[in-house]
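> Got a predicted structure here, sequence first:
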2 protein chains.
Amino acid sequence: MSEIETRIAEMATAARAASRALAAMPTARKAAALKAAAGAIRAAAPAILAANAEDMKAAEARGTSGAMLDRLRLDDARLEGIAAGVEAVAALPDPVGAPIKGWTQPNGLKFEQVRVPLGVIGIIYESRPNVTVDAGALCLMSGNACILRGGSEALSTSKALHAAFIAGIASESLPADAVQLVDTSDRAAVGVMLGAAGLIDIIIPRGGKGLVARVQSEARVPVLAHLDGICHVYIDRDADADKAEAIALNAKLRRTGICGAAETLLIDKAAEATGARVVKALLDAGCEVRGDDAVRAIDPRVVAADDADWGTEYLDAIISAKVVDGVGGAAEHIARHGSAHTESIITENAETANRFLAGVDSAIVIHNASTQFADGGEFGFGAEIGIATGRLHARGPVALEGLTTYKTVVRGNGQVRP
Amino acid sequence: MSEIETRIAEMATAARAASRALAAMPTARKAAALKAAAGAIRAAAPAILAANAEDMKAAEARGTSGAMLDRLRLDDARLEGIAAGVEAVAALPDPVGAPIKGWTQPNGLKFEQVRVPLGVIGIIYESRPNVTVDAGALCLMSGNACILRGGSEALSTSKALHAAFIAGIASESLPADAVQLVDTSDRAAVGVMLGAAGLIDIIIPRGGKGLVARVQSEARVPVLAHLDGICHVYIDRDADADKAEAIALNAKLRRTGICGAAETLLIDKAAEATGARVVKALLDAGCEVRGDDAVRAIDPRVVAADDADWGTEYLDAIISAKVVDGVGGAAEHIARHGSAHTESIITENAETANRFLAGVDSAIVIHNASTQFADGGEFGFGAEIGIATGRLHARGPVALEGLTTYKTVVRGNGQVRP
């Protein structure tokens, strides 16, 4: 084994031991540890900001661009936000031990499925240093140990945040190995984590498409993530025009850079007037519209879409737009071009809505509301470690419950199997 | 792409299309199709038995052993069992569309998690031809399309069973592509299926440890399976001696070849008398006991265990036995040597039982009953496609519900995100 392989294996072994202690930890102790961690982060503000200043200086010296620098930067307000976020997680309901379902067999055996932590979670992320603390808090509250591997450009900041976090949890006698940071900028560490089947139970990447694509293609460990958020808004023939306009504009333009932003507008061929109104409203709001011939006929400002547009996540004020044949045509387009993230139908026809909601196979399907509700906070989960579009385990926003699995507890009074 | 890669890709594409139709299929139509399949299998009995005779003759000519020949063999009674099994699956509750939970946010958005099929399932199995039909029926009833790849030694039988099965479902207008059989003995097909990420959603291996180990090590597609069933029975100081003896004997000896059979007996150091009684009863019943020094002191017939015994799945009338320090010592031993399958504690002390049930992190944890209840039928699931010991998605016996995932349906009345 290489030095980094040995190091990750040692960390994972220590994490496994910590995860056993965490799995049986009462909610109150986990919450107290997180509150202590929030306090420790506040108390360590000078050291954390100084470490961040180092990272910023090095990034500037490398000529790092504005948006990336902004993601890296911490200040008093952002640090307070991080600490408050930890306290918010501490106040969430603890999923561990919660019963999922119970039943009794004729022989008297009582069965109960109860939630248990996943075990050891690997988090691979980029330059946002807040992930160090956010992910650590969510994993700890759900009874999981985690191994954090952040971007090297934020390593000093992450180390300072991590040191404060574990000092806080250790002050409440929780094992420091519950939340470990890979404190090297050696890029080989990511590959080793991705291959650590049996040592790490699941990998959650947090970052851009390049990172997620690498993780998905290389990982031998199961991955919880989404690669694309090609979200659709479908305007049905029975849509209310006011709702259609408000929802389409919000879905596309409220924030264009998030994964729940709409990227394609589908217009029922029998919703011509409403479709035209929405397309014009998008154009008037400064959105570029790339349409098929039918959409181009609505307004000369619409530019021609090519085939690649239907599978493109613009993350910008650009939307592709197409006329389809009713709800069936919309579902067909989404099945072919979508990314199984979030799709919304605008209609006043309940039967049509149900056809869409049942027939579209995405993690989140919405009737008469914006796709930008695809978010753990908006779901009422109180937090979010990411959004998953895979078919296994968890789909959509993942928070504490998504970080658990289950076991079956069987209670008998001496039964043997005939 | 090689010929077999092209073939599997074509099958998976057809399966995906069929899975969309199946996902929206009403329960009654799926049940009717399965009943028709059962009828078609009965009607095709002469052809199926003739095909089986061919497979048997070829196997005998290759010098195949008795147990393997027996697994391969069909007769009228076994064929009727297969047909009746399909009818039993048709009568099970349909998990697709079932609500898991629902809630409403303050902005009026209504959220509902509902079960949806996994999609396209690959089943890789060995010589038992009944898997062709059992797995096909479970996948179909849970709304999934499947691609079946059975052992080449049973290929003629599988083809005949499959032909009858799809003729039956097609007679009820279900797509024949819903259940496809890889009708070649080319061994490369397995490797291609294991690598078909994005085309096949999950692989379920059915067979011996060699097959499962290969599938787990090579697969790029998620796998639902268990490799080992190293199940433990722990006799606590507060055990009822009669229950302890009855359960330990049943757990080890009822059937020694199943994954839920106990392989290790753990005896609380403060349960000396009960432990001695159970060890003697096992020996008297013809079971070989491999013990540590403390267990060897009980009876001269106990042979010495070595370190490898604690991690061995005998699947035979052999049990390893060890004295441990209470429930904590038992949990520690199981964490180190177990396979996260099924473990049972025998005690009349409810608090001790709860410590074991909470602290042992296996898919199934049992109080005062035999480990041989680790079975979908005994759980009340009506069927079983396998037992999973991984941490993700489904754990323990997997039946219809384990073959589903979920999506979140959100219903609004025009909400946009602030």
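Received, thanks. Residues are numbered from 1 along each chain as shown, chains lettered A, B, ... in the order given.
> Run through the bridge partners of A:Ile366.
A:Ser344, B:Val410 (DSSP bridges).
> Quick one: mean pLDDT for stretch A:272-280?
For stretch A:272-280, mean pLDDT rounds to 98.
> go on, stretch A:239-254?
The model assigns stretch A:239-254 a mean pLDDT of 98.
> hmm, that stretch in reach of chain B?
Yes: Stretch A:239-254 reaches chain B (Cβ under 8 Å from any Cβ of the partner chain) through A:240, A:242-243, A:246-247, A:249-251, A:254. C-beta here means a position set from N, CA and C on the backbone, and glycine is covered the same way.
> what comes into contact with stretch A:320-338?
Residues outside stretch A:320-338 that contact it (Cβ atoms under 8 Å, 6 or more residues apart in numbering or on different chains) are A:230-232, A:234, A:236-237, A:263-270, A:275, A:279, A:289-292, A:294-295, A:302, A:305, A:309-312, A:343, A:345, A:347, A:352, A:355-356, A:359-362, B:20.
> Mind giving me the ChimeraX select for these, buried ones only?
Buried members of the contacts of stretch A:320-338, defined by 16 or more other Cβ atoms under 10 Å in any protein chain shown, are picked up in ChimeraX with:
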select /A:230,231,232,234,236,237,263,264,265,266,267,268,275,279,289,290,291,292,294,295,302,305,309,310,312,343,345,347,352,355,356,359,360,361,362 /B:20
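> and the contacts of stretch A:320-338, which of them are in strands?
When DSSP state E defines the strands, the subset of the contacts of stretch A:320-338 inside them is A:231-232, A:234, A:263-268, A:289-291, A:343, A:345.
> Of all pairs in the residues you listed, which one spans the longest distance?
Greatest spacing in those, by Cβ to Cβ: A:Arg290 and A:Ile345 (21.4 Å).
> Regarding A:Tyr406, what are the backbone dihedral angles?
Main-chain dihedrals, A:Tyr406, degrees, to the nearest 10: phi -140, psi 160.
> typo on my end, A:Val215
Torsion angles, degrees, to the nearest 10, at A:Val215: phi -60, psi -50.
> For the stretch 1-150 of chain A, what lies in contact range of chain B?
By Cβ under 8 Å from any Cβ, the part of the stretch 1-150 of chain A that sits against chain B consists of A:20, A:23-24, A:97, A:103, A:105, A:109, A:111, A:116, A:118-119.
> how about those residues, which pair is most distant?
Within these, two members stand farthest from each other by Cβ to Cβ: A:Arg20 and A:Gln105, at 30.2 Å.
> sorry, back to before: format the ones in strands among the contacts of stretch A:320-338 as a markdown table; extra columns: pLDDT and distance to chain B.
Listed next are the ones in strands among the contacts of stretch A:320-338 as a markdown table, based on pLDDT from 0 to 100; distance: Cβ to the nearest Cβ, whole Å:
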| residue | pLDDT | distance to chain B |
| --- | --- | --- |
| A:Cys231 | 98 | 13 |
| A:His232 | 98 | 14 |
| A:Tyr234 | 98 | 14 |
| A:Glu263 | 98 | 16 |
| A:Thr264 | 98 | 18 |
| A:Leu265 | 98 | 15 |
| A:Leu266 | 98 | 18 |
| A:Ile267 | 98 | 18 |
| A:Asp268 | 98 | 18 |
| A:Val289 | 98 | 19 |
| A:Arg290 | 98 | 23 |
| A:Gly291 | 98 | 23 |
| A:Glu343 | 98 | 10 |
| A:Ile345 | 98 | 10 |
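> And those residues, which is closest to B:Arg16?
Nearest to B:Arg16 among the ones in strands among the contacts of stretch A:320-338, counting by Cβ to Cβ, is A:Glu343 at 18.0 Å.
> I'd say that closest one and A:Cys231 touch.
Yes: here A:Glu343 lies in contact with A:Cys231, judged by Cβ atoms under 8 Å, at a distance of 6.2 Å.
> Next one, pLDDT for A:Met1 please.
In this prediction A:Met1 is given a pLDDT of 82.
> re earlier: now restrict the residues of the stretch 1-150 of chain A next to chain B to buried residues only.
Neighbour-count burial (16+ other Cβ under 10 Å) applied to the residues of the stretch 1-150 of chain A next to chain B gives A:20, A:23-24, A:97, A:109, A:111, A:116, A:118-119.
> related to what we said a few turns ago, what residues are shared contacts of A:Glu343 and A:Cys231?
Common neighbours of A:Glu343 and A:Cys231 (criterion: Cβ under 8 Å, 6+ apart): A:Thr371.
> Domain-wise, how is chain A divided?
Here the domain assignment for chain A is A:3-226+A:398-409, A:231-378, based on automatic domain parsing.
> ok, which residues in the stretch 151-300 of chain A are in contact with chain B?
Contacts of the stretch 151-300 of chain A with chain B, taken as Cβ under 8 Å from any Cβ, map to A:201-202, A:222, A:240, A:242-243, A:246-247, A:249-251, A:254.
> Rebuild the residues you listed as a markdown table, extending it with secondary structure and neighbour count.
As requested, those are exported to a markdown table (DSSP: H, G, I helix; E, B strand; the rest coil; neighbours: other Cβ atoms under 10 Å in any protein chain shown):
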| residue | secondary structure | neighbour count |
| --- | --- | --- |
| A:Asp201 | coil | 25 |
| A:Ile202 | strand | 23 |
| A:Pro222 | coil | 21 |
| A:Asp240 | coil | 18 |
| A:Asp242 | helix | 11 |
| A:Lys243 | helix | 21 |
| A:Ala246 | helix | 18 |
| A:Ile247 | helix | 30 |
| A:Leu249 | helix | 20 |
| A:Asn250 | helix | 22 |
| A:Ala251 | helix | 29 |
| A:Arg254 | coil | 17 |
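> how far away is A:Ser171 from A:Leu92?
21 Å (Cβ to Cβ, to the nearest Å).
> part of a helix, is A:Ile48?
Yes: counting by DSSP: H, G, I helix; E, B strand; the rest coil, A:Ile48 is located in a helix.
> per-residue pLDDT, it?
We have a pLDDT of 98 for A:Ile48.
> Could you check how many residues crowd around the closest residue to A:Glu288 other than its chain neighbours?
Take A:Glu288 and drop its neighbours on the chain: the residue closest to it by Cβ to Cβ, 6 or more residues apart in numbering or on different chains is A:Ile318, 4.4 Å away. The tally of other residues near A:Ile318 (other Cβ atoms under 10 Å in any protein chain shown) stands at 17.
> and if you look at the one 10 residues further on?
Residue neighbour count, defined by other Cβ under 10 Å, stands at 12 for A:Gly328.
> A strand includes it, no?
No: per three-state DSSP, A:Gly328 lies outside any strand segment and is helix.
> Assign A:Arg220 to one of the three secondary structure states.
Classified using three-state DSSP, A:Arg220 is coil.
> Could you find the closest non-adjacent residue to it?
A:Ala197 (4.5 Å).
> So what does that neighbour have for phi and psi?
Backbone torsions of A:Ala197, given as degrees, to the nearest 10, read phi -60, psi 140.
> A:Val360 now?
With angles defined as degrees, to the nearest 10, A:Val360 sits at phi -100, psi 130.
> Relative to A:His367, how far out is it?
11 Å.
> Kindly report the same for A:Ala189.
According to Cβ to Cβ, A:Ala189 and A:His367 sit 44 Å apart.
> ok, back up a step: which members of the buried ones among the residues of the stretch 1-150 of chain A next to chain B occur in helices, if any?
Mapping these onto helices (DSSP state H) picks out A:20, A:23.
> of the buried ones among the residues of the stretch 1-150 of chain A next to chain B, the lowest pLDDT goes to which?
A:Ala24 (91).
> Touching, that residue and B:Leu357? I think so.
No: at 11.1 Å, A:Ala24 does not count as touching B:Leu357 under the criterion of Cβ under 8 Å.
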